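**Q** Here's a sequence, model it:
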Amino acid sequence: MVLQKLEFRPGINTELPDYANENGWKDGDKIRFRVGYPEKIGGWAKKGNNQFIGAARAMKQWTTLDRDNLIGIGTSLKYFIEDGGVFYDITPIRETTGAGDVTFSASQGSSVITVSDTNHGAREGDFVTFSGAASLGGAMTAAVLNQEYQIQTAPTTGTYTINARAATTGVNQYYTGGAIDDSAALVTATSGDTNTGGSSTVGAYQVQTGIDVTLFGNGWGAGVWSRGAWNSRATIVVQSEILRLWQHDTFGEDLIFNIRNGPIFYWDASGGASQRGIFLKDLTNAQNSPIVAKQVMVSDVDRHVIAFGCNPLGSNVQDPLLIRFSAQENPADWTPLTTNTAGDLRIGSGTAIVQAVETRQEILVFTDQALHSMQFIGPPYTFGINRISENITIRSPNAAVAIGDAVYWMGKDQFYVYNGNVNQLQCTVREKILRDINDDQLEKIFVGVNSGYQEIWWFYPSLNSNDVDKYVVYNYDANIWYYGTLNRTAWIDRGVTDYPVAAGTDGILYNHEYEADDQSGTSPVAIESFIQSAPIDLGDGEVFSYVRKMIPDVTFRTSTNPAPQVDFTIDAFNYNGGLQVSSDTANIVKSSSVPVEQYTEKVDLRVRGRAISVKISSDQVGTTWRTGLNRLDIRPDGKR
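**A** Presented below is the predicted three-dimensional model:
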C-alpha cells in the first residue's frame, strides 16, 4: 500500500487555473482555517427574542458608568439602544406641534384616519406619536388615537393618513418581512366618529425615515439639470436616493450619532435608555454646531468631536470636503476662538469625504480620490492634515476598519492596507469577489472584525441580490482569504459582549461563533459547510492511478451530536475540465461509544484517473469539524 498525504495550502485561491492551483483549495462556504487546516465556522443564536424595526446598517457597543452594556443600532427607520435584550427607541423628535394644531377625521366603515396639520413636513413611512387627543365619538377612542403611528400617505403639505390601530399596541409588534403589517389590529370607524380629537392634540414627529435600497430613476427630471435638450428623455440612469446610513461614536458614556448627509444628534446616558436623543444644536449652551454631516467621530486622545463633510460656520449648505471640530471636551461649542481649540480644515483632493477611521496614532480620511492623515498637533491649529496617497478608491462608507495602527479596506478593484504606507493586499479571491458585487447597492457593503480568529469580514450584496448575501474574509494573522454566504446587515466584534454580534434581516440580533448550528428558529438547523480542492495529480499525471482506500484525519472536538460526521467526495479526472468518474460519498464517523475521539479507520474507494479533487462537506446538526492530513492508498494503473 502506497499512502499519499493530501497536503493543501491554507486559504482559498480562485485566481489560478485548476492545475496551477494544485495542492490548493478552490472553493468553500462557511469554513475558516486554523493553524493551516480548514474547519467549519461557529454557529449563531438569537441574542434575545425582541425585535427592532427597519434594516440595521450600523451598530456601536459601549459600557456606561453604571456598567450597563449598551448597543446602539441605526436602522432604515429609527435609532435604537439595546439594553438587556430590550430595544429602546431613541429616535430624535424633529418637531412637536402646539396643542390643537392636529385634528382628525374618520369615515364610517374605514380604519383610515386623515390627519390635518399645516406644514407637517412628514412623508410616507415617517412616524408620529399623538398625545392629548380626545375620542372622535365612537370606536376611535382617545386610547386608540394617542399612540405612535406610521404615516401611510402624505398627499398634501397639510394632510396625511394613518391606519387606526387597537389601543396600546406598539408598531414594533407588527414588523415582519421588512414592513409593518398591523392589519389584524385595525379599528374601524363607526357612525359616531364625527369629532376632530379635541383642542389639545399634540403630534410629535420623529426625524424622517430613510429607505433600505438605493433607488435609481430615468426619464425627464433624472440626472443633472440642463444636461440635454428641453423636455428630452434622460438617456442615463441616475441615483435618485440612497439608503439610510448612520454613523456614531461615544463621548464618555454618551452617544453622538448622525444620519449620513443629515443632522447630528446627542443622547445623554444619564437620562436612561428610554430617553430620546436630541439635535446636537439643541444641547445646552450649543454654539454654531454643524447641522449636517457625512460622519461624526470623537477623537479618543484629545476629546474633540469631529464632523466630516459638514456645513461651514455661518452656512446651512453642506461642504462634502469640510472637516470641523468642537472645542476640546465640549461637544456643544463649535465657535473657533483664541480661547478654545475649535476649528476647521478642508481637504483639497477629491469631491467628497467617504469615510474616516481612527487608529491609535491618527485619523485616516478617505475621499473618493485620495487618502489623508489627520493628526492632533495642539494649539493654535489643533489638527493638521496631510495627503498620504492619491488614486485610492474605497468601495463604501463602511468598507474600512482599523486594527491597532493598521487600516484595511475594500477598494474598487483591490483590497488595501495602511500601516504607515499604503499597500495592496495580495488577495487570492480578488477577481471572484470584486466582480460579484451589485454596484447599484454599494452603500450596503460593510466590514466587521472577528478578533477571536484574527479575521476581517467584508459583507456585500452579490450581483443577483439587492441585499447583503455574501462575505469575504481576510485572516490578517495567516495572510489568507476565504469566503461564503450569509445575510447580515451590521456586525460588531466581541468585547462588551461575549460573542460577535450581527444584525439579521429579520430585526433580530445574533450572537455568532455560538455552538455549531443556526439557531435563529425554534429548533437548531444545520449549517451547511464545505471546502473543495483543486485537482491533484496522481503520479504527476503521466499514468492513471487507482485510489483504493482513504485514511481520514478529522476531529469533531466540540460536536454535540452523539454521532457526528462529515462527507468526503473524491472526484477523478482524466484531463482538466473533464469529469471521468465520481466516488460514492464516504461518511467519516466518530464513534459515540467511547469518551475519546475515534475515527473511521479507513474508507474503501474505487476511483481511477490522472487527477482527483477532494470535497469535504457537512450538513448535520450539532456537528463541528476540522480536517488535517488525510491519506490515500494510491497504486499505478496504466497509461489509459
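
**Q** CA atoms for contacts and neighbours, from now on please.
**A** Fine.

**Q** Could you check stretch 158-176 and say which residues are buried?
**A** Neighbour-count burial for stretch 158-176, counted by 16 or more other C-alpha atoms under 10 Å, picks out 159-167, 171-172, 174-176.

**Q** Check the residues you listed for the minimum pLDDT and say which it is.
**A** Least confident by pLDDT among the buried residues of stretch 158-176: that is residue 176, with 81.

**Q** Inside strands: which ones of the buried residues of stretch 158-176?
**A** 159-163, 175-176 (DSSP state E).

**Q** contacting residues around the closest residue to residue 450 other than its chain neighbours?
**A** Excluding the flanking residues, the one nearest residue 450 by C-alpha to C-alpha, 6 or more residues apart in numbering is residue 493, at 5.5 Å. Listed by C-alpha atoms under 8 Å, 6 or more residues apart in numbering, the contact partners of residue 493 are 448-451, 499-501.

**Q** neighbour-wise, which of these leads?
**A** residue 501 (26 neighbours; other C-alpha atoms under 10 Å).

**Q** Outline the domain layout of this structure.
**A** Per automatic domain parsing, the structural domains of the chain span 3-34+528-636, 93-206.

**Q** Need those in CSV (columns: distance to residue 307).
**A** Converted to CSV, the domains of the chain look like this (distance: least, C-alpha to C-alpha, whole Å):
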stretch, distance to residue 307
domain 3-34+528-636, 38
domain 93-206, 20
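
**Q** Out of the ones you listed, which gets nearest to residue 456?
**A** domain 3-34+528-636 (11.8 Å; C-alpha to C-alpha).

**Q** Touching, residue 382 and residue 341? I think so.
**A** Yes. Contact between residue 382 and residue 341 holds when scored by C-alpha atoms under 8 Å: they sit 6.1 Å apart.

**Q** Counting neighbours, go ahead and name the busier of these two.
**A** residue 341 (24 against 19).

**Q** Which strand residues bridge the closest residue to the more buried one other than its chain neighbours?
**A** Counting by C-alpha to C-alpha, 6+ apart, residue 341 lies nearest to residue 327, which is 4.8 Å off, once chain neighbours are set aside. For residue 327, the beta-bridge partners under DSSP bridges are residue 330.

**Q** which intervals of the chain have sub-threshold pLDDT?
**A** 1, 216-241, 538-542, 575-601, 638-640 (pLDDT under 70).

**Q** So which residue is dead centre in it?
**A** Nearest to the centroid of the C-alpha atoms of the chain, with distances taken as C-alpha atoms, centre = their mean, sits residue 490, at 2.5 Å.

**Q** what's the neighbour count on residue 604?
**A** Count around residue 604 with other C-alpha under 10 Å applied: 15.

**Q** pretty sure it contacts residue 550?
**A** Yes. Assessed by C-alpha under 8 Å, residue 604 is found in contact with residue 550 at 6.6 Å.

**Q** where exactly do the helices run in the stretch 351-500 of the chain?
**A** For the stretch 351-500 of the chain, the helices defined by DSSP state H, counting those that start in this stretch cover 430-434.

**Q** got it, and the chain?
**A** Here the chain has its helices, by DSSP state H, at 142-145, 430-434.

**Q** Any idea how far the shortest one is from the middle of the chain?
**A** The chain centroid and the centroid of helix 142-145 are separated by 37 Å, computed with C-alpha atoms, centre = their mean, to the nearest Å.

**Q** Could you identify the longest strand within the protein?
**A** When the chain is scanned for its longest strand (criterion: DSSP E), the result is strand 565-575.

**Q** Against which helices or strands is it packed?
**A** strand 578-582, strand 586-589, strand 603-609, strand 611-618 (3 or more C-alpha pairs under 8 Å, 6 or more residues apart in numbering; DSSP states H and E).

**Q** Give me the sheet partners of it and which way each runs.
**A** In the sheet, strand 565-575 lines up against strand 578-582 (antiparallel), strand 586-589 (antiparallel), strand 611-618 (antiparallel) (DSSP bridges).

**Q** so residue 319 sits right up against residue 313, yeah?
**A** No. Assessed by C-alpha under 8 Å, residue 319 is found out of contact with residue 313, at 10.6 Å.

**Q** neighbour count winner among these two?
**A** Higher neighbour count among residue 319 and residue 313: residue 319, with 20 against 16, using other C-alpha under 10 Å.

**Q** Could you report the distance from the more buried one to residue 106?
**A** Residue 319 sits 45 Å away from residue 106, going by C-alpha to C-alpha, to the nearest Å.

**Q** thinking again about what came up before, let me see the backbone angles for the residue nearest to residue 450.
**A** phi -70, psi 160 (degrees, to the nearest 10).

**Q** cool, residue 360 as well?
**A** Dihedral angles (degrees, to the nearest 10) for residue 360: phi -70, psi -20.

**Q** buried residues in stretch 105-125?
**A** Going by 16+ other C-alpha under 10 Å, stretch 105-125 has these buried residues: 105-107, 111-117, 120-125.

**Q** out of the buried residues of stretch 158-176, which one sits closest to residue 249?
**A** residue 172 (25.7 Å).

**Q** thinking that closest one is in contact with residue 77, fair?
**A** No. Judged on C-alpha under 8 Å, residue 172 makes no contact with residue 77 at a distance of 11.3 Å.

**Q** Find the residues that touch each one of those two.
**A** Residues touching both residue 172 and residue 77 by C-alpha under 8 Å, 6+ apart: residue 53.

**Q** give the contact list for the spatially closest residue to residue 302 that is not a sequence neighbour.
**A** Once flanking residues are discounted, residue 302 sits nearest to residue 328: 6.9 Å by C-alpha to C-alpha, 6+ apart. Contacts for residue 328 (C-alpha under 8 Å, 6+ apart) come out as 302-305, 340-342.

**Q** where's residue 328 relative to residue 341, distance?
**A** 6 Å.

**Q** now swap in residue 201 and tell me
**A** Separation of residue 201 from residue 341 (C-alpha to C-alpha) stands at 45 Å.

**Q** same question, residue 125
**A** Residue 125 is 41 Å from residue 341, by C-alpha to C-alpha.

**Q** circling back: tell me the contacts of the residue nearest to the centre of the chain?
**A** Counted by C-alpha under 8 Å, 6+ apart, residue 490 has contacts 56-59, 446, 448, 502-504.

**Q** Please name the bridge partners of the nearest residue to residue 407 once chain neighbours are set aside.
**A** Nearest residue to residue 407 in three dimensions, chain neighbours excluded: residue 418, at 5.1 Å (C-alpha to C-alpha, 6+ apart). Taking DSSP bridges as the rule, residue 418 bridges to residue 407, residue 422.

**Q** who's in contact with residue 418?
**A** So residue 418 contacts 406-408 (C-alpha under 8 Å, 6+ apart).

**Q** number of nearby residues for residue 47?
**A** By the criterion of other C-alpha under 10 Å, residue 47 has 18 neighbours.

**Q** give the contact list for it.
**A** 85, 508-511.

**Q** Ok, residue 314 next?
**A** Contacts here follow C-alpha under 8 Å, 6+ apart; on that basis residue 314 touches residue 288.

**Q** just residue 614 next, same as before
**A** Residue 614 touches 532-535, 568-571, counting by C-alpha under 8 Å, 6+ apart.

**Q** Just the buried subset of these, please.
**A** Going by neighbour count (16+ other C-alpha under 10 Å), the contacts of residue 614 have 532-535, 568-571 buried.
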